[in-house]
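Visitor: For reference, the sequence and a predicted model appear below.
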Amino acid sequence: MRKYFLEQAGFILILFAFIFISWTPATIKKHYAANSEPNDTLYSTYIQDLYQSAQLAQSGLALNVFEKAVTGFYNLKNAGKLSGEKSILSIADFDQSSTKKRLWIVDLDKKTLLLNTWVAHGERSGTDQATHFSNRSESLESSIGFYVTGEMYHGKHGISLKLDGMDEGFNSNARKRAIVVHGADYVSQETIDALGRLGRSQGCPAVPADLAPAIIHAMEGKTVLFINVNDQQYTSKYLDEHAAAVLASNSAQKTNVLDTV
């Protein structure tokens with residue numbers, strides 16, 4: 001009989017231990033649920049709404065490139081790198097030919113495309129198509145990845161905009177290399193007609209001279225510039241989609257985008 005009671009007591013203790021280990025407090029479950037939303041589907045819906053509202057497909061910007069850029073925007077915002085007053089995202093897609101208008105400036109809050117124009121790459125990055133990239137000084141090559149815009153100044157190219165590279169090993173030497181946004185006469189339809197491509201810079205994302213003031217004023221003040229290339233070697237800590245989705249949900253809910261899913 002004693003052996004029977006000991007066996008039963010042992011069974012009860014094991015049962016209580018299992019229940020205790022398996023039990024999750026309601027507050028923890030609630031916290032987990034809150035941090036599991038919005039999921040990938042909701043975030044994709046939000047991105048597509050922005051993309052369609054700004055009519056970016058019609059202007060030639062690929063959805064997957066836009067999604068990468070928006071993801072970086074929200075992660076940089078969450079890291080405290082960006083202005084709290086502006087929601088400007090600029091994208092240069094160097095997978096496209098230099099003859100294409102491959103620079104987009106988008107206001108995410110207003111869901112509008114502000115500007116779409118040409119942008120040059122570095123002379124050693126390639127001729128019409130950019131294929132080589134570097135973070136080294138005097139390489140005369142473009143650098144890919146996420147940038148945050150710095151100060152405006154007037155230099156040999158007129159009004160210009162300093163850039164700080166956010167991706168270590170890919171563009172982190174931007175300020176040291178004097179990689180800036182500036183206007184250039186060789187970024188024009190006339191140059192394309194004469195050469196079959198744009199002119200090239202010393203590594204800077206050069207823009208049309210006549211549009212440089214408008215472009216720079218739109219971009220200045222700690223906003224994001226993303227230079228895209230489909231490069232398997234490129235990595236960035238700012239491409240965490242789940243982290244971006246959590247922050248983006250606040251913006252999405254303001255416009256009731258997520259409520260319709």
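Guide: It's in.
Visitor: Could you use CA atoms for every contact and neighbour count after this?
Guide: Noted.
Visitor: so who does residue 157 touch?
Guide: Listed by C-alpha atoms under 8 Å, 6 or more residues apart in numbering, the contact set of residue 157 reads 182-184.
Visitor: per-residue pLDDT, it?
Guide: Looking at residue 157, its pLDDT reads 95.
Visitor: Point to the residue nearest the middle of the protein.
Guide: residue 69 (2.6 Å; C-alpha atoms, centre = their mean).
Visitor: What are the contacting residues of whichever strand or helix holds that one?
Guide: Residue 69 belongs to helix 63-78 when assigned by DSSP states H and E. Helix 63-78 is contacted from outside by 47-48, 51, 57, 82-83, 89, 91, 93, 146, 224, 226, 228, 238-241, 243-245, 247-248, using C-alpha under 8 Å, 6+ apart.
Visitor: Mind checking which of the residues you listed are buried?
Guide: 47, 51, 82-83, 89, 91, 93, 146, 224, 226, 228, 238-239, 241, 243-245, 247-248 (16 or more other C-alpha atoms under 10 Å).
Visitor: Put the alpha carbons of the lengthiest strand in the chain into PDB.
Guide: Assignment by DSSP state E gives strand 145-155 as the longest strand of the chain. Output of strand 145-155 as PDB, limited to C-alpha atoms (Å, rounded to 0.1, in the frame of the first residue of the first chain):
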ATOM      1  CA  GLY A 145      23.000  50.600 -50.100                       C
ATOM      2  CA  PHE A 146      21.300  53.000 -47.700                       C
ATOM      3  CA  TYR A 147      22.400  56.600 -47.100                       C
ATOM      4  CA  VAL A 148      21.100  59.300 -44.800                       C
ATOM      5  CA  THR A 149      21.300  62.800 -46.300                       C
ATOM      6  CA  GLY A 150      23.400  65.400 -44.500                       C
ATOM      7  CA  GLU A 151      24.100  69.100 -45.000                       C
ATOM      8  CA  MET A 152      23.600  71.200 -48.100                       C
ATOM      9  CA  TYR A 153      26.500  73.300 -49.300                       C
ATOM     10  CA  HIS A 154      27.700  75.200 -52.400                       C
ATOM     11  CA  GLY A 155      30.700  73.700 -54.100                       C
END
